[in-house]
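Asks: Dropping a prediction and its sequence here:
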Protein chains: 2
Amino acid sequence: MRHRSLEICFTPAAFDAHADSEAVVVVIDVLRATSSICTAFANGVREIIPVATVEEAMEMKARGHLIAAERDGYVLDFADFGNSPFNFSVEKIKGKIVVYSTTNGTGIMKQASGNHDVVIGSYLNMTALCRWLEAQDRKVIIVCAGWKRRFSLEDAVCAGAMALSLLESGKFTTICDSVHAATDLWKAAREDLMGYIEKAAQRSRLRDKGLDDCIGYCHTFDVTDVIPVLRNERLVAL
Amino acid sequence: MRHRSLEICFTPAAFDAHADSEAVVVVIDVLRATSSICTAFANGVREIIPVATVEEAMEMKARGHLIAAERDGYVLDFADFGNSPFNFSVEKIKGKIVVYSTTNGTGIMKQASGNHDVVIGSYLNMTALCRWLEAQDRKVIIVCAGWKRRFSLEDAVCAGAMALSLLESGKFTTICDSVHAATDLWKAAREDLMGYIEKAAQRSRLRDKGLDDCIGYCHTFDVTDVIPVLRNERLVAL
């Protein structure tokens, strides 16, 4: 098998510079969208329909759908619940379809899905996802959801952990500077990951809102083997 | 004096997410545009007129201007010389006006100049620029020129060196994740800067074209005290 190329895109703002329809796109939004999606599939959700705008989420609510939606960490008033992975419990979502809209993560999923196969990555499904990516004969672009089109430290560090695992498999090569930077950030962070993530702006934002009970959980490796994938604009388990 | 905020923008693609007309914008393009501009002013150039497009550069050539212009490292055929700092020698440019167009650096200068005061940064003028920024009562946004709207390692590392110097002055604070990432990359790189920069894609691109004689020079601290600044769409020494 030939060596496949690996890239990281640190912000949706730069996605067009990386776009390549032959690649598999991995979307990472550690705090909290992709961690919550992995949790939902681990807990038996049937489908998740990501929508980019509040208006779309409201429209889906009017049609009777179960809605998970937040902006800037706050649950939208018409939604059934928000963006914490702890909301996506077996009791609430097993066997159901959930419509999902968040500040950053769902926007880039929609943006990338037009021309790419999109899968969902997080610490929670890291090893299962890496082994699956290694088994594909495809280029991989890891896209960090970031924060309002800016760079996010926690997403970059997670992307670095994933990139290092893929490179160490011997099946990928890279000439992408973001991969070198992200793997170096992961190496700086991994000895004390929770201490390192204290620096992240999103860590402070969630603490300020009392929403930081999930930070440790969202940085836990390999809670599940699920690989959520976008098919026809809906997330399903592979 | 109040603490001023410090941000880094890793790619021109994300500049709109950082833009703040109250801030001073520092443009960094280590290999090679901003290193060449600092060299030019150290060697007595009168003015540099950055232009974003090849067409504008051609038009200025037709009007009799001295032209420095490259794309992807190659000197454009109508230009008087290209983008190596060694082109901007006293003999060639002292007292003259030079029109300048490069792959990445001049585009972001033009983009930022609409609503911001723009200054030019590099290792070559690092200390002088940091001391000047510390003396202003202004927010600072360091913008990395990157490569075709992507993240560039050599610009991020230089931005990290500058950010660390500004933070250590005690006059700046930050809640910007890119600043934390860039300073950590600088800390990983600084013990063996030339070795670290071997990983950068632009390092390889310049080597492949035989244009890498300037790499060491472009990573030399404090060759000059000049602070090039954009005034009325022209770069002049402050």
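Replies: Perfect, I can see it now. Residues are numbered from 1 along each chain as shown, chains lettered A, B, ... in the order given.
Asks: For chain A, what lies in contact range of chain B?
Replies: Neighbours of chain B within chain A, by C-beta under 8 Å from any C-beta of the partner chain: A:9-11, A:13-14, A:16-18, A:147-153, A:156, A:175-178, A:180-181, A:184-185, A:187-188, A:199-202, A:204. Yep, even glycine has a C-beta here, placed from its N, CA and C like the rest.
Asks: I'd assumed A:Ile8 was in a strand, is it?
Replies: Yes - the assignment for A:Ile8 is a strand, going by DSSP: H, G, I helix; E, B strand; the rest coil.
Asks: about what we covered before: mark which of the residues of chain A next to chain B are buried, thanks.
Replies: A:9-11, A:13-14, A:17-18, A:147, A:149-153, A:156, A:176-178, A:180-181, A:184-185, A:188, A:199-202 (16 or more other C-beta atoms under 10 Å in any protein chain shown).
Asks: Can you name the residues that contact A:Ile8?
Replies: A:141-144, A:156, A:159-160, A:163, A:176, A:178-179, A:182 (C-beta atoms under 8 Å, 6 or more residues apart in numbering or on different chains).
Asks: Of those, which belong to helices?
Replies: Using DSSP state H, the members of the contacts of A:Ile8 that fall in helices are A:156, A:159-160, A:163, A:178-179, A:182.
Asks: Among these, which one lies nearest to chain B?
Replies: A:Ser178 (4.5 Å; C-beta to the nearest C-beta).
Asks: what's the closest non-adjacent residue to the closest one?
Replies: Of all residues not flanking A:Ser178 in the chain, A:Ile8 sits nearest, at 4.0 Å (C-beta to C-beta, 6 or more residues apart in numbering or on different chains).
Asks: before we move on, what about A:Ser204?
Replies: B:Ile175 (7.1 Å).
Asks: what's the burial count for A:Asn232?
Replies: Neighbourhood size, A:Asn232 [other C-beta atoms under 10 Å in any protein chain shown]: 7.
Asks: and A:Val27, which of the three is it?
Replies: strand.
Asks: any idea which helix or strand comes after the strand or helix carrying A:Val118?
Replies: Assigned by DSSP states H and E, A:Val118 belongs to strand A:117-121. Using DSSP H and E, the next helix or strand after strand A:117-121 towards the C-terminus is helix A:126-135.
Asks: what's that next one in contact with?
Replies: Helix A:126-135 has contacts (C-beta under 8 Å, 6+ apart) with A:24, A:26, A:119, A:121, A:140, A:161-162, A:165-166, A:169, A:171-172, A:221-222, A:224-227, A:238.
Asks: ok, back up a step: contact partners for the residue nearest to A:Ser204?
Replies: A:201, A:204, B:5.
Asks: where does the last one land in three-state SS?
Replies: Using three-state DSSP as the criterion, the local structure at B:Ser5 reads strand.
Asks: and it, how many residues sit next to it?
Replies: Neighbours of B:Ser5 under the rule other C-beta under 10 Å: 18.
Asks: So what pairs up with it in the strands?
Replies: Following DSSP bridges, B:Ser5 is listed with bridge partners B:Thr173.
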